[in-house]
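Asker: Make a model of this:
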Amino acid sequence: MAAWRSSSTQENEDQAQPLIPGLSDDVAELCLLRLPYPYQALVRSVSSSWNRAIKDPTFVISKRSLSLSRPHLFVFAFHKATARIQWQSLDLGSGRWFVLPPMPCPKAVCPPGFACTSLPCHGKLFVLGGMRSDTEISMNTTFVYRTSTNQWSIASPMMTPRSFFAAGNVNGRIIAVGGSGPGISDSITAVECYSPENDTWTPAAKMHMALARYDSAVVGNRMYVTEGWTWPFMFSPRACLYDPEADTWQVMRDGMREGWTGLSVVLDDRLFVISEHGDCPMKVYVPDKDAWLYVGGGRFPREAMKRPFAVGGVEGKVYVVSCGLNVAVGKVRETDKWEFNVEWEMLTAPKAFHDFSPSTCQVLYA
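Answerer: You can find the predicted model right below:
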């Protein structure tokens, strides 16, 4: 276990007290690795040796290699009356909620204007762009949250200020697509790519069109972006897909585009949507047929789930967050090739969240 400590840390600890008196450092390290999120950040103040151990870059790697990281649902919520924003984390194992430190952004912002994505296995959350509500000017900021430290940091800004846009993680690189520019009515086609390793943004191929509003999903190594439906279905949506290897944009297939009638979630490279109309049926996209099939099983708990929704998923489960931050958990099971069933259960949020609405959500391991 001592391998995850840096050589400099080991040299410092040669002359320091044991991590935990009465225990060998190997056993003490295992104890620290098993501390649940977000208490790892809190216990850094216990001693300098604990602080060095938990801040070591390989701490997260060791935690993940030992399968000690657990999925958490991170919800970007805002107060319906005041637009005050707040990030919260739900431990999907214990059902406990934690409030994250405030994001380092201006107080007067429009919550839906941000775009969010993540590197789930690295425990990193990215919040991009956004719009100031006092001036209606788009921003180019990049905020990064790390579960290992329970802290926000400011990374290199985007090349183009933007709001109300799409973002996704494609093979570990963050793609920012379109949106509104410096003025709220300035639609843009610019696309750029962020490298977390180098903390740099570089331009990518522009879209062929400026889309009005977005849902997006990354399936395999491609990013799909759709204008989305507005109920009732008065207009056919526009949509396209990005191939980062070729750095090209293509028109989305008709069946995929026409049937994308809600918020998307990807499980094992299968694209699902929770429809925005009626009883919110769930569908899965079948590429060979360019068609959507309804998912069988239980009925979505529509009565307890009030719009707006935010959707995330991992390990065969879909998490739908509603107004009041109630969470519907759908366990998806494949019964035959491209035939799926889903069974839903409810996680009722604390009453203190009653006046909060979700803007987006991400599932990260912590």
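
Asker: Could you count how many residues lie near residue 39?
Answerer: Using other C-beta atoms under 10 Å, residue 39 is surrounded by 11 other residues. Every residue, glycine included, has its C-beta placed from N, CA and C.

Asker: and the residue nearest to residue 248 when sequence neighbours are not counted, how far is that from residue 138?
Answerer: Of all residues not flanking residue 248 in the chain, residue 205 sits nearest, at 5.8 Å (C-beta to C-beta, 6 or more residues apart in numbering). Using C-beta to C-beta, to the nearest Å, residue 205 is found at 21 Å from residue 138.

Asker: which of the two has more neighbours?
Answerer: residue 138 (26 against 15).

Asker: In three-state terms, label that one for me.
Answerer: Secondary structure assignment for residue 138 (DSSP: H, G, I helix; E, B strand; the rest coil): strand.

Asker: pretty sure it is touching residue 182, no?
Answerer: Yes: in this structure, residue 138 is within contact of residue 182 by C-beta atoms under 8 Å, at 5.7 Å.

Asker: residues shared between the contacts of these two?
Answerer: residue 161 (C-beta atoms under 8 Å, 6 or more residues apart in numbering).

Asker: can you pull the pLDDT of the residue nearest to residue 248?
Answerer: Predicted confidence (pLDDT) for residue 205: 96.

Asker: Isn't it up against residue 192?
Answerer: No: the criterion here is C-beta under 8 Å, and residue 205 misses it with residue 192 at 10.3 Å.

Asker: The residue nearest to residue 248 and residue 296, how far apart?
Answerer: Separation of residue 205 from residue 296 (C-beta to C-beta): 40 Å.

Asker: Then residue 259?
Answerer: Relative to residue 296, and taking C-beta to C-beta, residue 259 is found at 17 Å.

Asker: And these two? Which one has more around it.
Answerer: Shown here are residue 259 and residue 296; by other C-beta under 10 Å, residue 259 has more neighbours (18 against 12).

Asker: Go ahead and confirm that one touches residue 281.
Answerer: No: using C-beta under 8 Å as the test, residue 259 is too far from residue 281 to be in contact (11.6 Å).

Asker: Which parts of the stretch 151-300 of the chain are helices?
Answerer: Using DSSP state H, counting those that start in this stretch, the helices found in the stretch 151-300 of the chain span residues 254-259.

Asker: Poorly predicted segments of it, please.
Answerer: 183-186, 212-213, 229-234 (pLDDT under 70).

Asker: in it, which spans are strands?
Answerer: If DSSP state E, counting those that start in this stretch is used as the criterion, the strands of the stretch 151-300 of the chain fall at 151-155, 166-170, 173-177, 191-195, 200-204, 215-219, 222-226, 239-243, 248-251, 262-267, 270-275, 282-286, 291-294, 296-297.

Asker: what's the closest of those to residue 79?
Answerer: strand 151-155 (19.5 Å; C-beta to C-beta).

Asker: buried sites along that closest one?
Answerer: 152, 155 (16 or more other C-beta atoms under 10 Å).

Asker: what's the angle from that strand to strand 200-204?
Answerer: Going by axes from the mean of the first three to the mean of the last three C-alpha atoms, to 10 degrees, strand 151-155 is angled at 60 degrees with respect to strand 200-204.

Asker: which secondary structure elements does strand 151-155 contact?
Answerer: strand 142-146 (3 or more C-beta pairs under 8 Å, 6 or more residues apart in numbering; DSSP states H and E).

Asker: what does the average pLDDT come to for the strand it packs on?
Answerer: 96.

Asker: same thing with stretch 22-35?
Answerer: pLDDT averaged over stretch 22-35 gives 77.

Asker: Could you number the chain from 37 rather than 1 from now on?
Answerer: Got it, first residue is 37 now, which makes that one stretch 58-71.

Asker: Go through that stretch and flag the buried ones.
Answerer: Going through stretch 58-71 with 16+ other C-beta under 10 Å, the ones that come out buried are 61, 64, 65, 68, 69, 71.

Asker: ok, these vs residue 168, which is closest?
Answerer: Nearest to residue 168 among the buried residues of stretch 58-71, with distances taken as C-beta to C-beta, is residue 71, at 37.9 Å.

Asker: nearest residue to that closest one other than its sequence neighbours?
Answerer: Counting by C-beta to C-beta, 6+ apart, the residue nearest residue 71 is residue 79, at 6.3 Å.

Asker: Now do the phi/psi pair for that neighbour.
Answerer: Taking degrees, to the nearest 10, you get phi -80, psi 0 for the backbone angles of residue 79.

Asker: what's the neighbour count on it?
Answerer: Using other C-beta under 10 Å, residue 79 has 14 neighbouring residues.

Asker: now the one 4 residues further on
Answerer: Per other C-beta under 10 Å, the neighbour tally for residue 83 reads 14.

Asker: show me what contacts it?
Answerer: 53, 55.

Asker: Now do it, the pLDDT please.
Answerer: Per-residue confidence (pLDDT) for residue 83: 79.

Asker: what's the spacing between it and residue 90?
Answerer: 11 Å.

Asker: what do you get for residue 288?
Answerer: Distance from residue 288 to residue 90, by C-beta to C-beta: 44 Å.

Asker: what's the spacing between the residue nearest to residue 401 when sequence neighbours are not counted and residue 368?
Answerer: Sequence neighbours aside, residue 105 is the residue nearest to residue 401 in space, at 3.9 Å (criterion: C-beta to C-beta, 6+ apart). Distance, residue 105 to residue 368, using C-beta to C-beta: 22 Å.

Asker: Likewise for residue 210?
Answerer: Taking C-beta to C-beta, one finds residue 210 at 27 Å from residue 368.

Asker: And these two? Which one has more around it.
Answerer: Neighbours were counted for residue 210 and for residue 368 using other C-beta under 10 Å; residue 210 has more, 25 against 22.
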